[in-house]
Structure formats: structure tokens, C-alpha cells
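Trainee: Mind looking at a prediction? Sequence and model below.
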Amino acid sequence: MPHLHIEYSANLEAITDVGALCQALHGRMVDSRVFPTAGIRVRAFKANHAIVADGLLENAFVAMTLSVGAGRTVETLRAEGDALFAVAQNHLAGPLSKPHFALSLEIRVSDPELSWKDTPIHARLSKGK
Amino acid sequence: MPHLHIEYSANLEAITDVGALCQALHGRMVDSRVFPTAGIRVRAFKANHAIVADGLLENAFVAMTLSVGAGRTVETLRAEGDALFAVAQNHLAGPLSKPHFALSLEIRVSDPELSWKDTPIHARLSKGK
Amino acid sequence: MPHLHIEYSANLEAITDVGALCQALHGRMVDSRVFPTAGIRVRAFKANHAIVADGLLENAFVAMTLSVGAGRTVETLRAEGDALFAVAQNHLAGPLSKPHFALSLEIRVSDPELSWKDTPIHARLSKGK
């Protein structure tokens, strides 16, 4: 953790650089003082089919879900969400300036009793956050 | 919100029109009096690998997750789930008539304190539900 | 239920057989005394974009989420998670031996009041667990 799962409509690729969006979000997560760098997994999935809002073909979306481990206050998570969402808004300022785009973020807290991990990357990273 | 996330096995494409399934589900969500049209995101993802039940190659699945905002009763959500599931069952009557198919729906309620959205589509839609 | 959703980075395909991983995990789920075989859906999705930990191109990940119905104790779910995670660790021993891989599993319990299913496969399977 933190895991950032991103879903997007295929038409997004014509209006923004999805890889660069992932890089920007990843950069913000690395800069965070809250989350361990070794736990970061940013991944984006292009939908095979998507229908957004009133169904116009030019409607596009990005839906982000950040899953984090337990133990942080809602205030801390809100601040992290604010920062991450702002990065997405900045990167997607073009699409957001038109009435055919929808951006969202949700944070989920996972149950530590029902989570497992094996992360050899962790030992490599001196950052040790 | 509402977000309808659909996962399906690749072999489904040979037995039904997945795009038409999405259209039918989207139509039901637009007709709903409960959810705002501007918040609808229907998206479907084809699995790169899938193994269903006893693992027969002809086994196929559709798994739907509807994520909604907080503030509605379980009764309201159950009624919406019933209606949406019925649309899926109707569209998938063929696969459901054979012992190699599995359909499911789950509704999740998101935490309003940990949700962000920026939906310029909303202003465009006069429906304003 | 149980549904095993797997996400992975595209570079994983060069270092392991993802289909065989799914087969191994499916085998463990069939062998479980806890979950009905008819309810198993293992599916894996390759990310279109992925950035892991410190962002090295050779970093790879597998993130598994097991969704199960309600009614089992945390102890039972932990034992099932332990067994499933061990299968994944065994299959991925190679990647896990290098400091560029991250494996995770989370179990989620779904709300029975907000779940629907139609599984004609079930009647076919005599196992009836």
C-alpha cells in the first residue's frame, strides 16, 4: 500500500497522455510523507467498453481508487486525497475544461487482518518510509 | 456516482454482444429516479485470463459491481439492484440457459468523506437528477 | 463467490506464466473446504500502464483481491488467505527472489443484502460445496 487503481475510457488516449498522468500521480505519491514508496503500485486499465453520463461518444472518464492500509486519520487521508486529486485535475485541465469529462477519486482503507504482502522491493529502498 | 464496473471472460464475446449489454445497463441507470445521469460511468473490462467454477473452457462469467454514494436506504439500493440485475439477466438469457455461465452483481457504498469528483458533464445536463 | 481478482504489470509476462499462476490459485480454491467450487471466478487483468514503488522499469507487481460472501470468521478467512498467498509465493518464487517485485493479497467480505447472483453452473456441479 498505497495502491492507486485507475480506470479510463479508451477515448481518453486521444485527449491526454495517460502514461504521463500515471507518472504525475506516482510523483505525488512518492513525495507524500504518509505512504511508503516501496508500497506504491500505480496502474491504469483501459475499459473495453465505456458509456459515460448521457452516453455521448465524446464523453470520457478517469476513475481513481486509492487503497491504503489502516491506521491513519480521516483528516490525513483527506489531505492526501486533496493533493492527489489536485495533481489529476492539473494534468487533466484540458478535458476538464469541456463538458464531456468526469474525474473521480475514492480512498478505501483495507483491513490489516485480511491483507498479505511480500515486497522484496522494500529492502532495496533505503528511503524506508 | 453511480459507477458500474463490469468484468467478463473473453469467451463471452462469442456468445453475447458486450457493448449491447453495457447499453442496456446504462439505459436502466438513466431511467432510474435514484441516481444522477451525470454521475453514470458504465465500463467493462475483458479479463486477460479467466478460470470459472470447475474450469471448463466454455465456462464464462460476468461480474458487476455498482458503486454508489452514501445516503440511500438498503431498501432503495436493493430495488435498484433488482432492476439492474433483471436487465442483465434479460440480456444474458441465452448464456444463463446453459450450465456454463455465472452472473453476479454487488453494490458498494462509498465513503463520502473519502470521495472526490470533478464532473463538468454535470453542468451540461439539464436533467439535474 | 469466491471471486479472485488479479491485477498485474505487463512486464510480468516476461518473467512468469500468468495463466499458470491463475491455474495454481484456482486449484487451491477448488481444494478449499470453505468455498463452493461453483462460485469460483479467477480472473487476471494486465495493466495498460503501471508504475511500481520507485518506478524502475523492471519493477513488477501482482495484486490480488479475494471477495467472499459473509458468514465466515476472520480466523477462517485468514487461514484461506494464508494458503492462497502461499500458492502465489510458490509460483512467483523467481520474481520474489529479486528486489523488483511486489506481491499482495487482500480479502474483502461482500454485503449479502447487496449481492445478487444467477449461477446455472451451480446445478451442474455435483460437488455442491
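Mentor: Yep, it's here. The structure presented is a predicted model; accordingly, all values stated were derived computationally and were not measured.

Trainee: switch to C-alpha atoms for all contacts and neighbour counts from now on
Mentor: Noted.

Trainee: pretty sure residue A:16 is touching residue A:92, no?
Mentor: Yes. If you go by C-alpha atoms under 8 Å, residue A:16 and residue A:92 touch, sitting 7.3 Å apart.

Trainee: Those two - which one has more neighbours?
Mentor: residue A:92 (19 against 15; other C-alpha atoms under 10 Å in any protein chain shown).

Trainee: how close does the more buried one get to chain B?
Mentor: Applying C-alpha to the nearest C-alpha, to the nearest Å, the value for residue A:92 to chain B is 11 Å.

Trainee: do the same with residue A:11
Mentor: Relative to chain B, and taking C-alpha to the nearest C-alpha, residue A:11 is found at 12 Å.

Trainee: Write out the residues of chain A neighbouring chain C.
Mentor: A:18-19, A:22-23, A:26, A:30, A:37-46, A:110-111, A:113-125 (C-alpha under 8 Å from any C-alpha of the partner chain).

Trainee: Restricted to helices, list the residues you listed.
Mentor: A:18-19, A:22-23, A:26, A:30, A:121-124 (DSSP state H).

Trainee: Please report which of those has the highest neighbour count.
Mentor: residue A:26 (26 neighbours).

Trainee: Assess the claim that that residue and residue C:56 are in contact.
Mentor: No. In this structure, residue A:26 is not within contact of residue C:56 by C-alpha under 8 Å, at 12.0 Å.

Trainee: what does the worst-scoring helix or strand of chain A on mean pLDDT contact?
Mentor: None of the helices or strands of chain A scores lower by mean pLDDT, DSSP states H and E than helix A:121-124, at a mean of 90. With contact meaning C-alpha atoms under 8 Å, 6 or more residues apart in numbering or on different chains, helix A:121-124 is reached by A:38-39, A:128, C:53, C:98-102.

Trainee: Would you mind putting the CA coordinates of the lengthiest helix in chain A into PDB?
Mentor: As assigned by DSSP H, the longest helix anywhere in chain A is helix A:74-91. Taking C-alpha atoms only, helix A:74-91 is exported to PDB below (Å, rounded to 0.1, in the frame of the first residue of the first chain):
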ATOM      1  CA  VAL A  74      -9.600  10.600   8.100                       C
ATOM      2  CA  GLU A  75      -8.000  14.100   8.200                       C
ATOM      3  CA  THR A  76      -4.700  12.700   7.000                       C
ATOM      4  CA  LEU A  77      -6.400  10.700   4.200                       C
ATOM      5  CA  ARG A  78      -8.400  13.700   3.100                       C
ATOM      6  CA  ALA A  79      -5.300  15.800   2.800                       C
ATOM      7  CA  GLU A  80      -3.600  13.100   0.800                       C
ATOM      8  CA  GLY A  81      -6.700  12.700  -1.400                       C
ATOM      9  CA  ASP A  82      -6.900  16.500  -1.900                       C
ATOM     10  CA  ALA A  83      -3.300  16.600  -3.100                       C
ATOM     11  CA  LEU A  84      -3.600  13.600  -5.400                       C
ATOM     12  CA  PHE A  85      -6.800  14.900  -6.800                       C
ATOM     13  CA  ALA A  86      -5.200  18.300  -7.500                       C
ATOM     14  CA  VAL A  87      -2.500  16.600  -9.400                       C
ATOM     15  CA  ALA A  88      -5.000  14.800 -11.600                       C
ATOM     16  CA  GLN A  89      -7.000  18.000 -12.100                       C
ATOM     17  CA  ASN A  90      -3.900  19.800 -13.200                       C
ATOM     18  CA  HIS A  91      -2.900  17.100 -15.600                       C
END
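
Trainee: buried ones in the next helix or strand after it?
Mentor: Moving toward the C-terminus from helix A:74-91, the next helix or strand (DSSP states H and E) is helix A:93-96. Buried residues in helix A:93-96, defined by neighbour count with 16 or more other C-alpha atoms under 10 Å in any protein chain shown: A:95-96.

Trainee: Average pLDDT for helix A:93-96, rounded please.
Mentor: When pLDDT is averaged along helix A:93-96, the result is 97.

Trainee: Need the residues that contact it.
Mentor: Outside helix A:93-96, the residues touching it (C-alpha under 8 Å, 6+ apart) are A:15-16, A:89, A:101-102, B:118-120.

Trainee: For chain C, state which of these is nearest.
Mentor: residue A:16 (13.7 Å; C-alpha to the nearest C-alpha).

Trainee: Can you pull out the low-pLDDT segments for chain A?
Mentor: Across chain A, the ranges flagged by pLDDT under 70 are A:126-129.

Trainee: what angle do the helix or strand in which residue A:7 is found and strand C:3-8 make?
Mentor: For residue A:7, the host element (DSSP H and E) is strand A:3-8. For strand A:3-8 against strand C:3-8, the angle by axes from the mean of the first three to the mean of the last three C-alpha atoms, to 10 degrees is 90 degrees.

Trainee: Show me what from chain A comes close to chain B.
Mentor: So chain A meets chain B at A:9, A:46-54, A:61, A:74, A:77-78, A:81-82, A:85, A:96-108 (C-alpha under 8 Å from any C-alpha).

Trainee: Please check those and keep the buried ones.
Mentor: Buried, going by 16+ other C-alpha under 10 Å: A:9, A:46-54, A:61, A:77-78, A:81-82, A:85, A:96, A:99-108, out of the residues of chain A next to chain B.

Trainee: from the residues you listed, which ones fall inside strands?
Mentor: A:46, A:49-52, A:61, A:101-108 (DSSP state E).
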